Every structure is written in structure tokens, then in C-alpha cells.
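> Give me a 3D structure for the following:
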Amino acid sequence: GLVALNEHYLGNLKEEERDAILNRLKSQDNRDQIRDNMLAVPLSQQYNLTISNATRRSNNLFSFLFSDRQSQFKNTGNQEYMLNYRNSSEITQWLNFSSSVMLHYDKADNSGCSLGDIQNLSPYDMLKDESGNEVNVINDYYQPIIDNQVPKELFPYSDWSYNPLVEMNNRKLTNTRVNVRLQAGLNVKLLKGLTYDIKMQYEMLQEEQRNHYGEETYYVRNIVNTSSTWDKKNNTVKPNITSGDILTQRMNRTTGYNIRNQLNFSRRLGKHDVDVLVGTEISNSVLKGTKYPTVYGYNDDKLTTGSYPNGTTVRNWMGSSYTFDYATTFSWLTNRYFSLYGNAAYTFDDKYTLSGSVRTDASNLITDDPAYRYSPFWSVGGRWQIYREKFMQDISWLDRLTLRLTYGFNGNVDSSCLLYTSDAADD
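Numbering: from 1, shown residues only. Predicted structure coming up:
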């Protein structure tokens with residue numbers, strides 16, 4: 001509609017031609033085509049299986065989950081698998097063992113259109129003609145300029161049209177996540193009221209993104225065409241990348257472990273309760289990222305790729321310098337912490353409590369001030385459980401009243417202003 005009005009204003013359309021176009025557009029309504037071709041009925045399916053058994057000295061639990069979700073957009077959804085196993089066993093009267101395994105796999109398909117794609121359509125922008133063929137929908141370019149001033153037949157793809165249905169049906173955009181977590185622990189009863197705990201955890205998370213665009217898509221045709229060198233003086237076009245599909249991939253892999261050692265003491269002597277714990281914790285995580293260069297001229301069946309016949313730095317169709325992203329980029333991020341902590345509490349007559357805690361964490365942060373690498377935190381406090389006093393027993397409308405006061409110093413890591421050990425390289 002706007003194109004017809006503008007072309008008439010520029011003198012390229014007669015008034016009757018403009019009115020004919022506007023009258024035709026008035027009679028068009030794309031809601032049915034959007035509903036039938038772009039939208040789907042949201043559906044979520046989930047299946048669970050749980051098996052457990054228990055004896056006097058051992059407990060086992062196994063569970064499996066499968067879910068399949070279809071979003072409100074066609075070609076969009078995800079499948080998820082999750083397996084869990086937990087065990088706790090009494091090895092001897094003084095030794096307990098626990099373990100767990102978690103496996104999680106998730107694959108999301110985002111090939112369909114988005115709400116933004118639908119909102120960009122005018123109500124009269126039809127997706128198909130009366131014969132069921134996809135039609136051109138105005139997108140990035142002012143179509144009369146492309147039709148009248150660009151020698152489309154000289155470019156690698158003479159078809160510059162865009163249609164969201166062609167896009168969603170000729171691409172495969174997937175995200176895959178694999179998560180593995182292993183845990184194990186021992187509890188040792190050393191003396192009456194004194195126990196020792198050790199817990200260990202290992203975790204791996206791998207995320208892969210793979211976007212495969214077929215050469216039928218406007219995305220591919222536009223990149224190949226606009227990256228070509230157009231010599232307007234001699235009216236020639238020189239392609240700078242191979243025609244064919246386009247593939248982009250990236251992968252992130254995080255591995256980490258955590259080890260905690262802790263001593264626990266808890267005893268009650270008459271009206272006196274004492275609870276103390278001290279421990280250490282070590283954690284380490286490494287994030288490795290790989291961003292692969294965009295692959296042009298890709299063939300998924302033959303697993304072949306194209307080339308850069310004129311180098312990686314060229315002049316595009318508008319005469320501007322353009323450099324292709326041809327290098328693989330690697331990233332590495334390490335977070336490492338060592339912690340010491342302790343808590344103690346003394347309670348008299350189940351009413352009056354004094355408590356204190358201290359913790360210090362060391363890390364691999366790179367900074368000139370050691371305080372940021374090894375910072376102690378502490379707190380002290382008191383609690384009075386007033387509702388246990390005799391003078392509160394006759395107050396029926398108030399069943400719990402506690403006064404608590406704490407004072408201390410606490411904090412966490414602000415990674416936005418501190419540097420971590422990291423490396424990046426191109427190959």
C-alpha cells in the first residue's frame with residue numbers, strides 16, 4: 001500500500017493504477033494464512049517413570065522423564081530427556097554413603113517464525129496466491145528500486161523475494177544441551193555428637209548451537225548477492241562467496257568440581273546446647289567456548305564447503321569494504337575458589353542463643369589488592385525466644401514471638417569489575 005502511494009507521488013503510477021492496487025489490498029486478509037501456515041496448537045506431553053526400593057540399610061530411587069513440547073509456532077519446540085538415580089546406604093553403624101547421578105538432554109528447534117515476523121506483516125500481506133504458491137512480501141528493500149535499478153539477472157541469485165514461509169521451511173535452527181552431574185558423599189560418626197562429612201560433585205554442561213540455512217531462503221540469497229562486487233560502470237557482478245547453503249555453529253562446554261569437608265559437633269547437656277561446624281570447600285569451573293567461522297556453499301549431504309574466490313576482504317554490492325569472518329575463535333574462562341568457614345551457637349534453656357560465624361574465600365581473581373582475592377566475612381548474633389517465657393503462656397492470640405539481632409560483614413564476587421584468567425585465540 002505505501003509503495004503504491006509513493007510510486008504515484010513520484011509519478012511512476014497513474015491514479016487509476018494506484019486505486020486498483022489499493023482496492024485489491026483492501027479485499028485481502030492474511031489472518032487465515034497466518035493461522036494455517038505459521039501457527040500451531042501448543043501441546044506439551046510429559047511422561048515420568050519412578051522406581052524405588054528400600055531396605056533397613058539402603059535406599060534407591062530411579063526416575064526417568066521425557067517431555068515433548070510444541071510451541072504456538074510451527075517448526076518450533078523442544079524435546080527433553082532426564083534420568084536421575086539416588087542411593088543412600090549404611091555401610092556400618094558409623095559410616096554412611098550416598099551418591100547420585102543426573103543425566104539431562106535437551107534439544108530445541110527454533111526453525112519456525114516468531115511473533116516479530118508476524119507483527120512485521122501488514123494485514124493485506126498475503127503469504128500465498130490463489131494457486132498456493134508463496135508470494136513476495138516486502139521486507140528489507142524498496143522493491144521498485146530492486147526491480148528497476150538493480151540488474152538482478154547478473155547476481156548469483158536473481159530472485160530477491162522474501163516470504164516467511166520459505167524461510168521457516170528451508171532452515172534448521174537448533175540448540176542442544178547435555179548436562180551430567182555426579183555426586184558422592186561419606187558421613188563418619190567419630191564420637192558422640194561429632195561427625196565428619198565429605199561431599200564431592202562433578203558437573204559437565206555442553207551447549208551447541210547449529211543454524212543451517214538452505215539456499216532457498218532469502219537469508220542465504222541476500223548474503224550471497226549483497227556480498228558480491230557490483231561494477232556499475234561496466235555493469236558486471238563478481239560473486240565473492242560460493243552459492244549454496246550457509247552453516248553457523250558454536251559450542252560452549254563447562255566442566256567443574258566441588259569438594260566440601262566438614263566437621264559437625266552437636267551436644268545437649270542439661271539446659272545447655274552447643275552446635276559447632278567447621279569446614280573447607282574447593283570449587284573449580286572451566287568454560288571453553290568455540291565459535292566456528294560461517295560456512296558458505298555448504299552441502300549437508302556431501303559435507304562439502306565453498307570458498308572465498310577473491311579473498312576474505314572484498315568490495316560488496318554497494319562498493320563498501322567487507323571482511324568475511326573466516327577464523328575459528330576460542331575462549332577460556334576459569335573460576336576457582338577455596339573457602340574456610342565455621343559456625344557456632346550456644347543455647348541456654350531453649351530460650352537464649354548466642355551465635356557467630358566466620359568465612360573466608362580465596363579465588364583466582366587478578367587484582368592488585370589482595371583483599372579482593374582473600375576476603376574474610378564474619379557475623380555475631382543473639383536470639384531470644386520470647387514465646388517460651390512463662391509470661392507468654394497465657395496469651396492465646398500470639399503463639400510465636402522471637403527477637404533476633406545480628407551484626408556482621410558479608411559480600412560476594414562482582415565479576416563485572418574484576419579480571420579472570422582467560423585466553424582467546426584465532427586459528
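> how about the CA coordinates for the helix or strand containing residue 298, as PDB?
Using DSSP states H and E, residue 298 sits within strand 295-298. Coordinates of each C-alpha in strand 295-298 appear next as PDB, following Å, rounded to 0.1, in the frame of the first residue of the first chain:
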ATOM      1  CA  VAL A 295      30.500 -21.800   6.200                       C
ATOM      2  CA  TYR A 296      29.300 -20.700   2.800                       C
ATOM      3  CA  GLY A 297      28.400 -23.100  -0.100                       C
ATOM      4  CA  TYR A 298      27.700 -25.900   2.400                       C
END
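> strand partners of that strand, parallel vs antiparallel please.
Looking at strand 295-298 with DSSP bridges, its partner strands are strand 245-269 (antiparallel).
> now what about the helix or strand just after the strand holding residue 298, what contacts it?
As assigned by DSSP H and E, the chain's next helix or strand after strand 295-298 is strand 313-315. Strand 313-315 is contacted from outside by 227, 229, 240, 321, 322, 323, 324, using CB atoms under 8 Å, 6 or more residues apart in numbering. Heads up, the C-betas are built off the backbone N, CA and C, glycines and all.
> Quick one: list the elements packing against whichever helix or strand comes after strand 313-315.
Counting by DSSP H and E, the next helix or strand C-terminal to strand 313-315 is strand 321-323. Where contact means 3 or more CB pairs under 8 Å, 6 or more residues apart in numbering; DSSP states H and E, strand 321-323 is packed against strand 313-315.
> any idea how far the strand it packs on is from the chain center?
Averaging C-alpha positions (CA atoms, centre = their mean, to the nearest Å) puts strand 313-315 34 Å from its chain's average.
> I'd like the mean pLDDT over that strand, please.
Averaging pLDDT along strand 313-315 gives 94.
> What score does the residue nearest the centre of the chain have for pLDDT?
Central residue of the chain (CA atoms, centre = their mean): residue 207, 8.2 Å from the mean position. Model confidence at residue 207, given as pLDDT, is 97.
> how close does the closest residue to it other than its chain neighbours get to residue 316?
Using CB to CB, 6 or more residues apart in numbering and skipping the chain neighbours, the partner closest in space to residue 207 is residue 252 (4.8 Å). Distance from residue 252 to residue 316, counting by CB to CB, to the nearest Å: 31 Å.
> so the residue nearest to the centre of the chain, which of the three states?
strand (DSSP: H, G, I helix; E, B strand; the rest coil).
> hey, what's it bridged with?
residue 177, residue 252.
> in the strand holding residue 298, what counts as buried?
295, 296, 297, 298 (16 or more other CB atoms under 10 Å).
> Strands of the stretch 1-150 of the chain, start to end?
43-54, 58-70, 76-92, 95-110 (DSSP state E, counting those that start in this stretch).
> pLDDT below threshold where in the protein?
Within the chain, the stretches with pLDDT under 70 are 366-375, 411-427.
> where do the helices sit along it?
2-9, 15-26, 31-37, 115-119, 143-149, 164-169, 218-226 (DSSP state H).
> need those in a markdown table with mean neighbour count and distance to residue 396, can you?
Formatted as a markdown table, those follow (neighbours: other CB atoms under 10 Å; distance: least, CB to CB, whole Å):
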| stretch | mean neighbour count | distance to residue 396 |
| --- | --- | --- |
| helix 2-9 | 14 | 75 |
| helix 15-26 | 13 | 75 |
| helix 31-37 | 13 | 62 |
| helix 115-119 | 11 | 56 |
| helix 143-149 | 11 | 80 |
| helix 164-169 | 20 | 66 |
| helix 218-226 | 20 | 72 |
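> and those as TSV, adding distance to residue 66?
What follows is those, written out as TSV (distance: least, CB to CB, whole Å):
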stretch	distance to residue 66
helix 2-9	49
helix 15-26	47
helix 31-37	29
helix 115-119	28
helix 143-149	47
helix 164-169	26
helix 218-226	33
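> Could you work out which of those reaches nearest to residue 126?
helix 31-37 (6.3 Å; CB to CB).
> ok now the closest one, how far from the chain's centre?
That offset, for helix 31-37, works out to 30 Å (CA atoms, centre = their mean).
> can you check stretch 202-220 too?
With CA atoms, centre = their mean, you get 13 Å for stretch 202-220.
> and if you look at stretch 64-84?
Computed by CA atoms, centre = their mean, the chain-centroid distance of stretch 64-84 equals 16 Å.
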